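Asker: My questions concern the predicted model and sequence given below.
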Amino acid sequence: MTTDPIADMLARIRNAILARHPRTEMPLSKVKVRIAEILKAEGFIDSFTVQPAGDQPIGSLTITLKYGRDRSSAIVGMKRVSRPGRRLYVKHTDLPKVMSGMGISIISTSRGVLTSRQAEQERIGGELLCEVW
């Protein structure tokens, strides 16, 4: 069991992109599924599938990565901002712009996991989980 499952998710995606794998698999959690939904909606991944825990103790989440014609990934970089050792909370007025608006910030709020644009529209702050560009 990892102490930081979101960092583990980002590392698995980053490693799969560097190795040019078509998909990556990881243990299932609600936060990871929500992050995958956001990445799909923003066009960073192709799709994802959730496999419930049948005979396994924990289900799995499979993410299909998105590549261009020249085999370049849709995800250029990812960064875990808030960590278990150093939590970072932001107000809706202090939400960061990632790559001058070309990337997204993913924020955990009291209304669920949102992008920085959604949190700014709803005027709500929260824990800044990660940045993707």
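Answerer: Great, that's in hand.

Asker: Domain-wise, how is the protein divided?
Answerer: As given by automatic domain parsing, the domain ranges for the chain are 5-65, 78-132.

Asker: counting contacts, what elements does the longest helix anywhere in the chain pack onto?
Answerer: Longest helix of the chain, by residue count under DSSP state H: helix 5-18. If contacts are counted by 3 or more C-beta pairs under 8 Å, 6 or more residues apart in numbering; DSSP states H and E, helix 5-18 sits against strand 23-27, helix 30-41, strand 60-65, strand 78-80, strand 126-132. No exception for glycine: its C-beta is placed from N, CA and C like everyone else's.

Asker: Let me see the residues that make contact with it.
Answerer: Residues from elsewhere that reach helix 5-18, judged by C-beta atoms under 8 Å, 6 or more residues apart in numbering: 2, 23-27, 29, 31-32, 35, 63, 65, 73, 75, 78, 80, 83, 129-130.

Asker: One more: stretch 66-82?
Answerer: Under C-beta under 8 Å, 6+ apart, the answer for stretch 66-82 is 4, 6-7, 10, 13-14, 17, 20, 39, 43-46, 65, 88-89, 105, 127-133.

Asker: Name the spans of this protein whose pLDDT lies under the cut-off.
Answerer: 1 (pLDDT under 70).

Asker: Buried ones among the contacts of helix 5-18?
Answerer: 24, 26-27, 32, 35, 63, 65, 73, 75, 78, 80, 129-130 (16 or more other C-beta atoms under 10 Å).
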